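>>> quick one, what's the 3D model for this:
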Amino acid sequence: MGETKKCALVTGGSRGIGRAICIQLAKDADYHILINYNSNVEAAQETLERVHEVGGSAELLPFNVVDAEAVKTTLDTWQENNKEAIIEVIVNNAGIAKDGLFMWMKPEDWSSVLNTSLKGFFNVTNHLIQKLLVNRYGRIINMVSVSGLKGTSGQVNYSAAKGGLISATKALAQEVAKRNVTVNAIAPGFIKTDMTSEMDEKELKKMIPVNRFGEAEEVAHLVSFLISKKASYITGEVIGINGGIYS
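Numbers count the residues shown, from 1 in each chain. Below is the predicted model of the structure:
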């Protein structure tokens, strides 16, 4: 019997905030990082290299979080090949935005955005949670958004998806707290990533009290804290990281 290999799974870990989280956890924690991605192999490979550069251990775990069968098969196969490993940390970061006015919104723009955030959360977390409960320790982090708290015009689908995930966070936290499993949500405001690259930063930062967009690394530090032992008494929370935009 080898030593148990403790792992952290980050969905949508190939770019943006997901990538920053993978790198930060590799620096701060002893976890073996499972970098999940859907289609961008090159970006995922780059994240893997960056994790190795900072001395972390990691591997790529490709699957589409929306596809329940793929999630199950991939995770079961991985577990079969890594019998001594346990996933202790789940960061549900995979998400997409398809913005547009509600009146013109196509059904697929509604369902794909909701499915990635909500079904993705269900598929991954539901499949893994029993092990966390049996192990009596775990950390679940759901990446949400300021849009899920206050609603954003042009993002009815995204706001609905993230709002749903916020409520799911609060409910699940209550169910699993006795087993030392915490469930928290992180709600970023405007963070410099591919997702916000098309936005007019100069105009938008006037709305932000600290007068700038945030860095993906700043979000990653918060994740790093919440998955640590230091955060054992924090659960069911939605923590904003938005430069004061929602104050």
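>>> give me the contact list for the lowest-mean-pLDDT helix or strand in the chain.
Using mean pLDDT, DSSP states H and E, the weakest-scoring helix or strand in the chain turns out to be helix 201-204, at a mean of 84. Residues outside helix 201-204 that contact it (Cβ atoms under 8 Å, 6 or more residues apart in numbering): 190, 192, 213. Every residue, glycine included, has its C-beta placed from N, CA and C.
>>> check the gap between the most centrally placed residue in the chain and Glu201 for me.
Central residue of the chain (Cα atoms, centre = their mean): Asn93, 2.1 Å from the mean position. Separation of Asn93 from Glu201 (Cβ to Cβ, to the nearest Å) stands at 22 Å.
>>> still on that earlier bit, dump the least confident helix or strand of the chain to PDB, restricted to CA.
The C-alpha atoms that make up helix 201-204 are tabulated as PDB, following Å, rounded to 0.1, in the frame of the first residue of the first chain:
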ATOM      1  CA  GLU A 201     -11.800  48.200 -19.700                       C
ATOM      2  CA  LYS A 202     -11.200  52.000 -19.800                       C
ATOM      3  CA  GLU A 203     -15.000  52.700 -19.600                       C
ATOM      4  CA  LEU A 204     -15.900  49.900 -17.200                       C
END
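>>> got the contact list for the nearest residue to Gly138 once chain neighbours are set aside?
Spatial nearest neighbour of Gly138, excluding adjacent residues (Cβ to Cβ, 6 or more residues apart in numbering): Leu132 at 3.1 Å. By Cβ under 8 Å, 6+ apart, the contact list for Leu132 reads 87-88, 90, 138, 140, 176, 179, 181.
>>> hmm, back to that, would you mind giving me the ChimeraX syntax to select the buried ones in the contacts of helix 201-204?
This is the ChimeraX syntax for the buried subset of the contacts of helix 201-204, where burial follows 16 or more other Cβ atoms under 10 Å:
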select :190,192,213
